[in-house]
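Student: Predicted model and sequence follow; I will ask about them next.
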Amino acid sequence: MPLNIPNTLTWARIALIPIFVGVFYLPDGVLSGTHKNLVSTAIFIVAAVTDWFDGYLARSLGQTSAFGAFLDPVADKLMVAAALILLVQLGRTDAIFAVIIIGREITISALREWMAQVGKSASVAVAYVGKLKTAAQMVAIPMLLFNAPFLGMDMRVLGEWLIYVAAGLTLWSMGYYLHRAMPLLREHR
């Protein structure tokens, strides 16, 4: 495991997950509900920005590695899954959206692993619809975490609409990747 700046940032994202979750378990005397929302939103946004930044640094500094390519999406999926589970527990989104998004991530990760084993990983390389899905999630989740008006806009309502969009894009992207892999899946039945 090469220890470089991008991988350190990825490990930092993973280390933020228990802190992110723990914020909601602090007594109200330590942090009020509003402050818990604000702190969790800030942590999630820092993680999302760090995700972009570590990829940028890996490419620009020539510090890409197989381990970093493995760990980066794992860190993203862990943070998104933790956030979705918290949002369900807090009653800010329905479990069906968490199941769709987390289920898709598990399914496509397994598909990519299998495709890599048979030497066809390029068939399920990240597509534009996957990037749109990620963008929708990364905007919807902080809105739902914030759960209050901001600049005259109701972040919870916007977040709810955007999580619907994210779930739709999630299903679309899963269908896209499965369709791309179908010939090989049929061949290896």
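Tutor: Alright, I've got the coordinates.
Student: what's the average pLDDT for the biggest helix by length in the chain?
Tutor: Determined from DSSP state H, the single longest helix within the chain is helix 155-187. The average of the pLDDT scores along helix 155-187 is 91.
Student: Report all helices and strands that it contacts.
Tutor: Applying 3 or more Cβ pairs under 8 Å, 6 or more residues apart in numbering; DSSP states H and E, we find helix 155-187 packed against helix 95-117, helix 128-146. Any C-beta I mention is one placed from the backbone N, CA and C, and that applies to glycine too.
Student: That one relative to helix 95-117, how many degrees between them?
Tutor: 40 degrees (axes from the mean of the first three to the mean of the last three Cα atoms, to 10 degrees).
Student: buried sites along helix 155-187?
Tutor: Within helix 155-187, the residues that qualify as buried are 155-156, 158-160, 162-163, 165-167, 169-170, 173-174, 176-177, 180-181, 184, counting by 16 or more other Cβ atoms under 10 Å.
Student: So what are the structural domains in this structure, by residue number?
Tutor: 1-90, 94-189 (automatic domain parsing).
Student: which residues touch Gln176?
Tutor: Quick fix: residue 176 reads Tyr, not Gln. Ala127, Val129, Gly130 (Cβ atoms under 8 Å, 6 or more residues apart in numbering).
Student: rerun at 6 Å
Tutor: Ala127, Val129 (Cβ atoms under 6 Å, 6 or more residues apart in numbering).
Student: A helix includes Val30, no?
Tutor: No: Val30 is assigned coil when assessed by DSSP: H, G, I helix; E, B strand; the rest coil, not a helix.
Student: Which pLDDT does the model give it?
Tutor: 95.
Student: Now do it against Phe146, distance only.
Tutor: 19 Å (Cβ to Cβ, to the nearest Å).
Student: So which of the two has more stuff around it?
Tutor: Remark: of Val30 and Phe146, Phe146 carries more neighbours, 22 against 10, as counted by other Cβ atoms under 10 Å.
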